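*Asks:* What follows is a predicted protein model with its sequence.
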Amino acid sequence: MSGFTPSSTTYRLRPAANAQRLQNSSEHAREGWFPVNQEIFTSIKEKIETQHFQGEAGPLVDEIKRDQALLGHCISRLTERGARTKAIANPVQSLKDIPYATLVEWVSVPATRVSPYRLEAASKNQMQRLREAALSCRSTEVLAEGAQINADLAFSCAFLRQLGLNLIAWNYPSHFRRAQQAAQAGEEIDKAIERILGIRPSDLSAQIAKDWQLSSQLMSTLTDGAASPGLDSAKLRKVCEVGETYARLCDPAQHESAQKAWQDLKETAREYLGRDVEQRLSEESSYITELFKFEIVEENKFGEPLYAKNAFANRCPSELRQSIQRVYERISPSGQSTEAIQELAASVIPQAGFMRGCIYLARSGTFDFVPVLKLGDQPLSYYSLKNSAARSGIAQALLSSVPIRQDASWFGEDEVAVILGTIGGAQHQAVLYLEFNAEARNENVQSGMLYFKAIRQAFNDCLNI
């Protein structure tokens, strides 16, 4: 689209943010997204079936807003509706402006089209994150009405401000858990995530907003200090800040400083909604509390006997062994355990000394290999087998009864140490490829092979094969 740069005039990534790392993280997060709430998703489809919305897009969008994963899915589809000549200034309003039939088509998809993750497999901190985000958006919307600000615009801003944290919680769960622990010890969670992951949540939100062609005016509300002509960014940010603070106030165990922060903003909140502001916000967001009011199982007992049978894991060093054990706590008896695979890729693999990797699937009866799951910071396209040496190496691993360690330069100029081995039980139709990081390359070869075998067995158990 010639000359169109929706974020070029106002929002700038911090100089410290690594552009390639941010791009890779954005691609990874958009592939995984975060899960829909099945209760809301089913209710929307039933209401469409019974003509509850009477063919009007507005009421349907108001229902979609109750589920932020589904809302993001719909906003992303806006950019697919032909070439755009101007950036999207108010995505919620833009959804209300499209034909009802188009919106119905967008939501009439399986939940797995939105995200492969399942809310039922959520950890406690992931559920807390989604609950806080939902409370923040709804509170901001209600506050905006009292502040004489367009409620749909305020909701869009609040959604965008929460988006980075939501995506990190689900696509980088171990990093998010560490950042939460640091936040409970007094560090700001955004700074903790930047220190641990190398990007800020607001930078991730901005990158995705840019991909969605959202306006620079809207993006100016992501950070303090950014000004935008034609929009009272400071006032909009303040309303979002009040809404976010109220959401944290509703979870005092997670946010010990929320009470003081609320007292500092309480008078501002009263200017918007009056002296009974807390009661009003509580009433308006009560449905969110009910949606997230269920017992979260911290440990999945199904994985315990599987972990006990992973003889390689039990021979690993204590810290690595504990990380692998956490993977098994997330394994579900029903199908493939996406959350467990996510934990394995984000936590165990780098801890074991591997920096990235991929799973290849062989087409039936051939040596034609397709990369199907990336592990680490590179996009899936990075692992395409574009030369004969790479294809030969993967084929050799498929035919070998034991994992193979070798030095290779298949995907770049630099030679790296890799280990390859089959996964998939007796079928042997897939190959796990892992690259050592620079520090681990020259360590004990036997240790690297042990860690690889432990990870390979964990993958088999996660995939339920």
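*Replies:* Great, that's in hand.

*Asks:* In contact with residue 175, which residues?
*Replies:* By C-beta atoms under 8 Å, 6 or more residues apart in numbering, the contact set of residue 175 is 168, 193, 196-197, 346. Heads up, the C-betas are built off the backbone N, CA and C, glycines and all.

*Asks:* and the closest residue to residue 330 other than its chain neighbours, how many neighbours does it have?
*Replies:* Among residues not flanking residue 330 along the chain, residue 340 sits closest, at 3.9 Å (C-beta to C-beta, 6 or more residues apart in numbering). Using other C-beta atoms under 10 Å, residue 340 has 24 neighbouring residues.

*Asks:* Just read off the phi/psi values of residue 340.
*Replies:* In terms of degrees, to the nearest 10, the main-chain angles of residue 340 are phi -70, psi -40.

*Asks:* Check the secondary structure at residue 372 for me.
*Replies:* At residue 372 the chain is in strand, as set by DSSP: H, G, I helix; E, B strand; the rest coil.

*Asks:* Could you tell me the per-residue confidence at it?
*Replies:* The model reports residue 372 with a pLDDT of 88.

*Asks:* Which residue is the nearest non-sequential neighbour of it?
*Replies:* Counting by C-beta to C-beta, 6+ apart, residue 372 lies nearest to residue 361, which is 4.8 Å off, once chain neighbours are set aside.

*Asks:* report the longest helix in the chain, please.
*Replies:* Longest helix in the chain, counting residues (DSSP state H): helix 124-146.

*Asks:* List of residues touching stretch 458-465?
*Replies:* 303, 306-307, 310, 313, 324, 327-328, 331, 335-337, 340-341, 344, 348, 359, 423-425, 427, 432.

*Asks:* now stretch 75-93
*Replies:* 1, 4, 6, 30, 61, 65, 71, 94-95, 98, 102, 106, 150, 152-153, 155-156, 159, 211-218.

*Asks:* And that stretch, how far out from the chain middle?
*Replies:* 22 Å (C-alpha atoms, centre = their mean, to the nearest Å).

*Asks:* Can you get me the start-to-end distance on that stretch?
*Replies:* End-to-end distance for stretch 75-93: 10 Å, by C-alpha to C-alpha, to the nearest Å.

*Asks:* next one: stretch 306-316
*Replies:* Taking C-alpha to C-alpha, stretch 306-316 runs 16 Å from one end to the other.

*Asks:* Just the buried residues of it, please?
*Replies:* Neighbour counts over stretch 306-316 (16 or more other C-beta atoms under 10 Å) mark 306-307, 310, 312-313, 316 as buried.

*Asks:* What secondary structure category should be reported for residue 422?
*Replies:* Per three-state DSSP, residue 422 ends up strand.

*Asks:* Looks like it contacts residue 400 (just checking).
*Replies:* Yes. Using C-beta atoms under 8 Å, residue 422 is in contact with residue 400, at 7.5 Å.

*Asks:* ok, then the element right after the helix or strand of the chain with the lowest mean pLDDT?
*Replies:* Within the chain, no helix or strand scores below helix 286-291, which has a mean of 82 by mean pLDDT, DSSP states H and E. The element immediately downstream of helix 286-291 (helix or strand, assigned by DSSP states H and E) is helix 303-309.

*Asks:* can you state the direction angle for the helix or strand where residue 242 lies and helix 124-146?
*Replies:* Using DSSP H and E, residue 242 falls within helix 233-249. Helix 233-249 and helix 124-146 are oriented at 130 degrees to each other (axes from the mean of the first three to the mean of the last three C-alpha atoms, to 10 degrees).

*Asks:* Name the residues of helix 233-249 that are buried.
*Replies:* Buried residues in helix 233-249 (16+ other C-beta under 10 Å): 233, 236-249.

*Asks:* residue boundaries of the strands in this structure?
*Replies:* In the chain, the strands defined using DSSP state E lie at 354-362, 369-375, 404-408, 416-423, 430-436.

*Asks:* among the contacts of stretch 75-93, which are in helices?
*Replies:* Checking the contacts of stretch 75-93 against DSSP H, those in helices are 30, 61, 71, 94-95, 102, 106, 152-153, 155-156, 159, 211, 216-218.

*Asks:* picking that back up, tell me the buried residues in the least confident helix or strand of the chain?
*Replies:* The neighbour-count check on helix 286-291 (16+ other C-beta under 10 Å) flags 288, 291 as buried.

*Asks:* Also stretch 322-342?
*Replies:* 323-332, 337-342.

*Asks:* Which neighbouring elements make contact with the least confident helix or strand of the chain?
*Replies:* The elements that helix 286-291 packs onto, with contact taken as 3 or more C-beta pairs under 8 Å, 6 or more residues apart in numbering; DSSP states H and E, are helix 124-146.

*Asks:* Alpha carbons of the helix it packs on, as PDB, please.
*Replies:* Taking Å, rounded to 0.1, in the frame of the first residue of the first chain, the C-alpha atoms of helix 124-146 are listed here in PDB:
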ATOM      1  CA  LYS A 124      -3.900 -19.500  37.500                       C
ATOM      2  CA  ASN A 125      -1.800 -16.500  36.400                       C
ATOM      3  CA  GLN A 126      -3.100 -16.700  32.900                       C
ATOM      4  CA  MET A 127      -6.700 -16.700  34.100                       C
ATOM      5  CA  GLN A 128      -5.900 -13.700  36.400                       C
ATOM      6  CA  ARG A 129      -4.400 -11.900  33.500                       C
ATOM      7  CA  LEU A 130      -7.500 -12.400  31.300                       C
ATOM      8  CA  ARG A 131      -9.900 -11.400  34.100                       C
ATOM      9  CA  GLU A 132      -7.900  -8.300  34.800                       C
ATOM     10  CA  ALA A 133      -7.900  -7.300  31.100                       C
ATOM     11  CA  ALA A 134     -11.600  -7.800  30.800                       C
ATOM     12  CA  LEU A 135     -12.300  -5.800  34.000                       C
ATOM     13  CA  SER A 136     -10.000  -3.000  32.800                       C
ATOM     14  CA  CYS A 137     -11.700  -2.700  29.400                       C
ATOM     15  CA  ARG A 138     -15.200  -2.700  30.800                       C
ATOM     16  CA  SER A 139     -14.300  -0.300  33.600                       C
ATOM     17  CA  THR A 140     -12.700   2.100  31.100                       C
ATOM     18  CA  GLU A 141     -15.700   2.000  28.800                       C
ATOM     19  CA  VAL A 142     -18.000   2.900  31.700                       C
ATOM     20  CA  LEU A 143     -15.700   5.700  32.900                       C
ATOM     21  CA  ALA A 144     -15.500   7.100  29.400                       C
ATOM     22  CA  GLU A 145     -19.200   7.600  29.300                       C
ATOM     23  CA  GLY A 146     -19.000   9.800  32.400                       C
END
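
*Asks:* burial count for residue 126?
*Replies:* A count of nearby residues for residue 126, using other C-beta under 10 Å, gives 22.

*Asks:* residue ranges with poor pLDDT in the stretch 51-200 of the chain?
*Replies:* 81-85 (pLDDT under 70).

*Asks:* Next, name the residue at the spatial heart of this structure.
*Replies:* A centroid search over the chain (C-alpha atoms, centre = their mean) returns residue 167, at 2.6 Å, as the residue closest to the centre.
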